[in-house]
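**Q** Attaching a predicted model along with its sequence, questions to come.
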Amino acid sequence: MGWFEFVLDRYNYWIVIVLMMTGLYIVFARGNLVKKIVGLNLFQTSVFIFYITIGKIAGGTAPIYIDGELDHGDDAGHGEGVAAGHETVVGDGSESLHQAPAEDGANALPHAEEHASEALSSKIENTFAANDLKAGLESVEPSADAGSLHTAPDGADKIANDSLLHLEKPAAPGFEVEGGADAANALADVVHHSSEVIYTNPLPHVLILTAIVVGVATTAVGLALAVRIREAYGTIEEDELETMDNVAEFGDTAAAGLAS
Amino acid sequence: MNFAEQLPVLPVITPLILAPVTLLLPQGRAPHLFATFVSWLTFAACAFLLAAVSDVGVISYHLGDWAPPLGIEYRIDLANALVLMLVSGIAAVVFPFAYASVRLEIDERQSTFFYCAMLICMTGLLGVTITGDAFNVFVFLEISSLSTYALIAMGARRDRRALTAAFNYLVMGTIGATFFVIGIGLLYQATGTLNMADLHDKLAGNSSRVVGAGFAFIVVGVGLKLAMFPLHLWLPNAYAHAPSAVSAFIAATATKVAVYVLIRFFYSVFGFDFAFEAAAFTWVLLPLGLAGMFVASFVALFQEDVKRMLAYSSVAQIGYMLLGLSFATVEGLTATLVHVFNHALMKGALFMAVACVVFRAGSHSIDAFAGLSKRMPVTTWAFILSGLSLIGVPLTVGFVSKWYLLEAAFAAGHWYAGFLIVASSLIAVLYIGRIAEVMLLREPHEEGRYAIPAKDAPLSMLIPMWVLVGANIYFGVRTGLTVDIATRAAEALMLTAGGAP
Amino acid sequence: MITPGLAIPLALVAPLLGCLAIWLLDKSPNLREGATLITAVVLLALTVMIFLAVGSGQQPGYMLIEVIDGLPIEFKVEPLGAMFAVIASGLWLVNSVYSIGYMRGHNEKNQTRFYMSFAVAISAAIGVAFAANLFTLFIFYEILTLSTFPLVTHYGDEKARKGGRIYLGVLMATSIGLLLPAIVWTYAITGTTDFTVGGILIDHKEAVAPITGVLLGLYAFGIGKAALMPAHPWLPNAMVAPTPVSAFLHAVAVVKAGVFSILKIVVYIFGIDFLTDTGASIPFMWVAAGSILLASAIAMHKDNLKARLAYSTVSQLSYVTLGAMLATQMGVMGGAMQIAAHALGKMTLFMCAGAIYVAHHKTLVSEMRGLGRVMPFTFGAFFLGAMSIIGLPPMAGSWPKFLLMLGAADAGQLAIIAILMISSILNVVYLLSIPVQAFYMSPTVKEEDGGDAKSQGAGGAGIQWGNLKEAPILCIAPPLFTATGAFVLFFFADPLYNYLLPIAGGG
């Protein structure tokens, strides 16, 4: 049942596609201007979901800094909480992984392994991680194995695989304290213990937030135009509008013909 | 923080910050004067920028000092410096021009908003041009588009069809922008970066299906924005019913900026080793460019409304630009860049001349142009000269464009395209000649709705219009600025894209 | 002291200054016409000076501006151009005198616009004459088209508009649609458009060889002003213009600019040798020959005098094209001489037609019977002009026919000689019949016009010296002058021949 799983695993993409097509269909097929706007919204929403899909990591929380206290009681230097959290994830995923065992090896989270691999996949999206990982460009097994929701082919895989390679040694043996301790120490101050929490890639969220703002603005302008059209024409049905415009145009021509 | 270092951000920041200030000003002259001032400031910044880029080469500016590819980068090379110069230059001419026309065509209460929206629109266009970040392109594209929708709708005072035109544009524009953003998303998925230069590096050798799909989405999305035939359906009505000053501004700039975006993605992001690029050139841009040249020109021939005729002519002219692009040679790219610049000059001047006619005659129907040479000679000659430029008569910019385009066509071995280019300019002879004949040889209406006094438009409109007409002649004779920069820009782009220099 | 090099830009600018002066003097017609005449005299002096300088072996040049890399607007005078410039500026002076008589005799409106357009047109014609490369030639060629448009549509009525539409349509369509691509193609192949002795294409033989015929065709038909059939319809349609326009522009400046361009392109772009080698010009030689016969045939059954002259012009222009396409030295020389001879002859005919119109408001040949008896000078000049066109000695027009036949013999095209002879016979039929009818036939008695009735009443045989009804003196003197010119040129053909010889590679 390979194909079935193949389809099922990608249910989020199917949702995107169905929404997108529905939205486009409404835009083209419906004559009512407000319905067109609704269709446009559906269409845009599908894109939002698409972007969220890109950034989502199974089990990852929203990219908002979560205080380390929950886990190990360290409360030092959290003044710039959100900013630091942001930087951690936006920074190098591999280093955050290195650090997790270093600081909290004993308190390894119940699903540490799963999280680790998801953190890896977070780097798929991660612009900056890529710079560190140029070394290993040969491909290994796809990142889907790592339990990631994300199953992008090709280029994305490559980078994911790079990170896998890179992390194989320190991460695989069950997050014991040994590996990567030095790297972790160096970064300890910067990351503020946040790394044991797995965040989804925030960048697509930021992007889509912008797109949502744009979408809301478009909807507002569109609806405002619909209101004005209703004021001016007395209808918002496209067929009737078109008829009225045509009459106006032919009327113009006829009048001009008479004048000349 | 000295001035020179911050120069690259000024063209965007200045109008962006100052636009809302317009709303605080009292109604009347103040918003107009302020907006004009801002447009001139911006133009000055762009001019300095062009000079700087011409001297030192590519300038990279890191917004908020975040280094790319993490932060947003403004990356200015000759290609976009030229477009920046063009957009801000047209704005600097249209803003002073707008006052009289706007007072007539737009509700007094809305005029403050009008200038604010114009500034924001300019910001968006400049932003699209200057940025080196793919997602940033989308944001600025929508900033300019949203303000354009509103600006077009303001034409409703004279003709309610402006509203439906704006609505259709909104739907099409949004679909285009969303396609674009899907494309960006797919590229991001494949590479994990949004910076164009970085995308180029990461995409090298990557012709996977994700990238291919992203490429297709981007081409279609931008194609909608630039009114690539047959995705142009929104354009004629939008241009025809927008307030005259808006028509002049967006006709000269908006589609040009979209063409620039297409160039940027084709040459700076994807490059020639991307497998689909050659196919897109051969099977999409070349045939669509040629088809657009002819179909749109033919449709223009039968328009009774001069503004709509010019709008269809714009679609045809975009065909030329796509054609030049599709040759994938330095000559072709040079021709496209030169034509982007030159076409803005001629269409700007033509739409301004129509605005002057609307100002006196209250209509842009062809009947309003009857006997215009006896009523408004200064406007008439501005129209005729820019019309000749559109046709491509020697000593005008149109000729320079056409020359390079033809040369590129012959040099690239597409000699049939060369003949199709001239054949479609002959259609331009017909539609411009038709208007010219009505203006020169018909007797003016003595009575009826098109009867107009023998009085030309006010100087505040004539002077900016003639500045553009003068530019049509000047750059038609002295091609140093345009052609040199375009050639250098084309060579640089070609180098990035990995083509033969 | 003005050097010939400096005289070139001056010759271009002088008419433009004249145009400005005409505009400023709009309110006082006498001063305005004075400005036209002064400009014409100055221009003639300048062109004669250049002509003499070229005759003494100089090659004056002037570079205006480099528009595109390697494509300057540049002027360089060679014998053919110098001759064309002198003819154009000299006949402009004659025509200006004639225009004053005609336009005033006719009480035309928009006279200021008329003279201004004329001045711009002559400047453009001079530009064509002096152009050092195809690019410059094309620019002035287009300016010439555009500046004559207001002249063609001078009356502004429906007929003028229609004529103007065809005029502009054909000339723009051919020049932009065919000539421009041809120039760009040439540039794309050779990297230059300079007129060079011996031609520029010969250095790129292998690139050009497969398309020589196509390229030559593009040039031949692209230069619509040469009125090679089927690119001729603009010329008969341009006859809606006032007669001075037809006389000067559509017998001299515009059409000669066309055939001059063809000659120049054949000689300096293709090179005679290259064409002889490839044989690419043979088809166009036949096209030109066909054009000669066909246009003559059409001219025969045109009753409107100006239309008949127009088709005669189409036919005569093809003589030049034919000469060029023969691609022999004699052919080219014949074509070059034809430019000068036909200009004088055809201008005479047109001016006579205008004089008849001014004096009697007659345009149809059939109405002109017996008119010679009251307009002996006009029809006398017409007779001389017609002789020159036909190619009868002792008129200048006989030399080019002679040279063309020699050229055809050189090229081994004996059929062409036959065609030339047939054409001359046709010319006799449709041109000489006019003065013959005017002098020897009785006027048709069906005129309702009072003035004409009187002249018919006295209508016996012979010229009625006591009862002349001639046009104003300003309308008669110019055609007499040009007719005399054609006569004089017959005897001084040798100096002109030697002067022009360098273009055909002799010397």
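**A** Received the coordinates, thanks.
**Q** CA atoms of stretch B:127-139 as CSV?
**A** The C-alpha trace of stretch B:127-139 is given here as CSV (Å, rounded to 0.1, in the frame of the first residue of the first chain):
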residue,chain,number,x,y,z
GLY,B,127,10.5,48.6,-3.0
VAL,B,128,9.8,45.8,-5.5
THR,B,129,12.7,47.1,-7.6
ILE,B,130,15.2,47.7,-5.0
THR,B,131,14.9,44.6,-2.8
GLY,B,132,17.1,41.6,-3.0
ASP,B,133,14.7,39.4,-1.1
ALA,B,134,12.1,37.3,-2.9
PHE,B,135,9.4,37.6,-0.3
ASN,B,136,10.0,41.3,0.1
VAL,B,137,9.1,41.6,-3.6
PHE,B,138,5.7,40.1,-2.8
VAL,B,139,5.1,42.5,0.0
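**Q** Contacts for that stretch, please.
**A** Stretch B:127-139 is contacted from outside by A:207, A:210-211, A:214, B:8, B:11-12, B:16, B:60, B:68, B:72-76, B:80, B:83-84, B:87, B:140-141, B:143-144, B:177, B:180-181, B:184, B:187-188, B:194-197, B:199, B:257, B:260-261, B:269, using C-beta atoms under 8 Å, 6 or more residues apart in numbering or on different chains. No exception for glycine: its C-beta is placed from N, CA and C like everyone else's.
**Q** And stretch A:41-50, by the same measure?
**A** Outside stretch A:41-50, the residues that touch it by C-beta under 8 Å, 6+ apart are A:12-13, A:15-20, A:22-24, A:26-27, A:208, A:211-212, A:215, A:218-219, B:174-175, B:178, B:181-182, B:185.
**Q** circling back: can you flag the buried ones in the contacts of stretch B:127-139?
**A** A:207, A:210-211, A:214, B:8, B:11-12, B:16, B:68, B:72-76, B:80, B:83-84, B:87, B:140-141, B:143-144, B:177, B:180-181, B:184, B:187-188, B:194-197, B:199, B:257, B:260-261, B:269 (16 or more other C-beta atoms under 10 Å in any protein chain shown).
**Q** So which of these sit within strands?
**A** B:Glu73, B:Tyr74, B:Arg75, B:Ile76 (DSSP state E).
**Q** and whichever helix in chain C runs longest, what does it pack onto?
**A** The helix that spans the most residues within chain C, counting by DSSP state H, is helix C:329-360. On a contact count with 3 or more C-beta pairs under 8 Å, 6 or more residues apart in numbering or on different chains; DSSP states H and E, helix C:329-360 meets helix C:79-106, helix C:243-248, helix C:254-264, helix C:305-326, helix C:376-390, helix C:398-410, helix C:473-491, helix C:493-500.
**Q** repeat that for 6 Å
**A** helix C:79-106, helix C:243-248, helix C:254-264, helix C:305-326, helix C:376-390, helix C:398-410, helix C:473-491 (3 or more C-beta pairs under 6 Å, 6 or more residues apart in numbering or on different chains; DSSP states H and E).
**Q** Among those, which comes closest to B:Tyr431?
**A** helix C:254-264 (25.0 Å; C-beta to C-beta).
**Q** So which bits of the closest one are buried?
**A** Those would be C:Val254, C:Val255, C:Lys256, C:Ala257, C:Gly258, C:Val259, C:Phe260, C:Ser261, C:Ile262, C:Leu263, C:Lys264, for helix C:254-264 by 16+ other C-beta under 10 Å.
**Q** Which helix or strand lies directly C-terminal to it?
**A** Where DSSP states H and E defines the elements, the next helix or strand beyond helix C:254-264 is helix C:272-278.
**Q** buried sites along that next one?
**A** So for helix C:272-278, counting by 16+ other C-beta under 10 Å, buried means C:Ile272, C:Phe274, C:Leu275, C:Thr276, C:Thr278.
**Q** between those residues, which is nearest chain A?
**A** C:Leu275 (53.0 Å; C-beta to the nearest C-beta).
**Q** Can you tell me, leaving aside adjacent residues, what's nearest to that closest one?
**A** Spatially, and ignoring its direct neighbours in sequence, C:Leu275 is nearest to C:Ala327 (4.0 Å; C-beta to C-beta, 6 or more residues apart in numbering or on different chains).
**Q** can you tell me which residues contact the one you found?
**A** C:Ile272, C:Leu275, C:Thr276, C:Ser281 (C-beta atoms under 6 Å, 6 or more residues apart in numbering or on different chains).
**Q** Pull the most distant pair out of those.
**A** Farthest apart among those by C-beta to C-beta are C:Ile272 and C:Ser281. That separation is 9.2 Å.
**Q** just checking, C:Ser312 touches C:Ala297?
**A** No. With contact defined as C-beta atoms under 6 Å, C:Ser312 does not reach C:Ala297; the gap is 11.2 Å.
**Q** if you count what's nearby, which of the two comes out ahead?
**A** C:Ser312 (28 against 14; other C-beta atoms under 10 Å in any protein chain shown).
**Q** what's the nearest residue to that one if we skip its chain neighbours?
**A** C:Ala299 (4.9 Å).
**Q** Work out for me the element the one you found sits within.
**A** Using DSSP H and E, C:Ala299 falls in helix C:282-300.
**Q** if we can go back for a sec, with pLDDT added, can I get the buried residues of helix C:272-278 in a markdown table?
**A** Output for the buried residues of helix C:272-278, formatted as a markdown table (pLDDT from 0 to 100):
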| residue | pLDDT |
| --- | --- |
| C:Ile272 | 86 |
| C:Phe274 | 86 |
| C:Leu275 | 86 |
| C:Thr276 | 85 |
| C:Thr278 | 84 |
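**Q** does C:Val67 sit in a helix, a strand or a coil?
**A** strand (DSSP: H, G, I helix; E, B strand; the rest coil).
**Q** before we move on, what about the one 5 residues further on?
**A** Here C:Pro72 takes the strand state, with states given by three-state DSSP.
**Q** And B:Arg434, which helix or strand is it part of?
**A** Using DSSP H and E, B:Arg434 sits in helix B:415-441.
**Q** buried ones in that helix?
**A** In helix B:415-441, counting by 16+ other C-beta under 10 Å, buried: B:415, B:417-441.
**Q** For that helix, which helices and strands make contact with it?
**A** Helix B:415-441 packs on helix B:286-301, helix B:372-375, helix B:377-391, helix B:397-411, helix C:158-174, helix C:180-190, going by 3+ C-beta pairs under 6 Å, 6+ apart.
**Q** domains of chain A?
**A** Per automatic domain parsing, the domain ranges recorded for chain A read A:2-54+A:206-259, A:64-200.
**Q** What count of nearby residues applies to the residue nearest to B:Pro236 when sequence neighbours are not counted?
**A** Sequence neighbours aside, B:Ala311 is the residue nearest to B:Pro236 in space, at 4.2 Å (criterion: C-beta to C-beta, 6+ apart). Using other C-beta under 10 Å, B:Ala311 has 28 neighbouring residues.
**Q** Would you agree B:Ala311 is in contact with B:Tyr239?
**A** Yes. With contact defined as C-beta under 6 Å, B:Ala311 reaches B:Tyr239; the gap is 3.7 Å.
**Q** thinking again about what came up before, can you name the element that comes right after the helix holding B:Arg434?
**A** Counting by DSSP H and E, what follows helix B:415-441 is helix B:459-477.
**Q** now check stretch B:317-333, is it near chain C?
**A** No. Stretch B:317-333 stays clear of chain C (C-beta under 6 Å from any C-beta of the partner chain), getting no nearer than 9.0 Å.
**Q** Other residues contacting that stretch?
**A** B:227, B:255, B:259, B:281, B:285-286, B:289, B:292-293, B:335-336, B:339, B:343, B:405, B:407-408, B:411-412, B:490-491, B:494.
**Q** Quick one: mean pLDDT over it.
**A** The pLDDT scores in stretch B:317-333 average 89.
**Q** Stretch B:86-94 now?
**A** Per-residue scores along stretch B:86-94 average to 93.
**Q** go on, stretch C:386-401?
**A** Here the average pLDDT along stretch C:386-401 is 88.
**Q** What residues of that stretch count as buried?
**A** C:386-392, C:395-401.
**Q** ok, B:Asp367 touching B:Ala451?
**A** No. B:Asp367 is beyond contact range of B:Ala451, at 10.8 Å (criterion: C-beta under 6 Å).
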